[in-house]
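**Q** From the sequence below, what's the structure:
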Amino acid sequence: MMYQLCPSILSADFNRLGEQIKTLEKEGIEWLHIDVMDGDFVPSISFGMPVIKSIRKESKLFFDVHLMVTEPERYIRDFVECGADSITVHAEACEDLERTIEQIREAGVKVGVSIKPATPVNDISHMLSDVDMVLIMTVQPGFGGQKYMEECTEKIREVRELIEAEDLDVDVQVDGGINDETMETVLTAGANLLVAGSYVFKDDLAGNVKHARERMDEIIRRID
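**A** Residues are numbered from 1 along each chain as shown. Okay, here's the model as predicted:
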């Protein structure tokens, strides 16, 4: 199984964004998590295509674009053209989730589907064979720095068990409240892609990434 730490630029210092992305690359990060918020599906507004297009010119990282927007099917082509390598949409935000997933696949990038903490896994279980990744939100989407919701742990375990039962090659990503303690919780439950915001971007970015990756490696060795 592939494990990745996926820093979320939502927590970056945008005055130093390019510099901080270079630091992530230097520290061995391969995935960059990019949260796009529209102020409708979630209360906050973040950034969109111009920012992604700008950083794409200077980075070869895998751009993991998480669309927290209403009717994301309207923007699939735009986000692919500006540099997305993967697009994750919310099951709750799509008028026709199946068709939206088809659109992402047809656009030539990896497909992810996400669910909020209150959404049951059963809402997407029939679509696991159609996606590359399931993103379990472990906080309410829209704001950084929230505390991990313990009730989401069982959802991570449930998704991983369904994937293994069907012998699928599907990643399980978690987003929200990752720290030294919760990292072990989610990895043990079956996640393999960990989105981290303030955990890595607060204060010493390079030092935090080193620590987080060492912590991940230690846990993975124990559970594998």
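
**Q** what residues does the longest helix seen in the chain touch?
**A** When the chain is parsed with DSSP state H, its longest helix is helix 205-223. Helix 205-223 has contacts (C-beta atoms under 8 Å, 6 or more residues apart in numbering) with 3, 5, 7, 20, 23-24, 26-29, 180, 183-184, 187-188, 194, 196, 199-202. All C-beta atoms are positioned from the backbone trio N, CA, C, and that covers glycine.

**Q** cool, stretch 164-171 as well?
**A** Contacts for stretch 164-171 (C-beta under 8 Å, 6+ apart): 2, 128, 129, 131, 132, 133, 134, 163, 192, 193.

**Q** Just the buried subset of these, please.
**A** Neighbour counting by 16 or more other C-beta atoms under 10 Å classes 128, 131, 132, 133, 134, 163, 192, 193 among these as buried.

**Q** Export the residues you listed to TSV and append columns for secondary structure and pLDDT.
**A** Below are these laid out as TSV (DSSP: H, G, I helix; E, B strand; the rest coil; pLDDT from 0 to 100):
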residue	secondary structure	pLDDT
128	helix	97
131	coil	98
132	coil	98
133	strand	98
134	strand	98
163	helix	98
192	coil	98
193	strand	98
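
**Q** With respect to residue 121, which of these is nearest?
**A** Of all the buried ones among the contacts of stretch 164-171, residue 121 sits closest to residue 134, with 8.5 Å by C-beta to C-beta.

**Q** List the beta-bridge partners for that closest one.
**A** Note on residue 134: beta-bridge partners by DSSP bridges are residue 113, residue 172.
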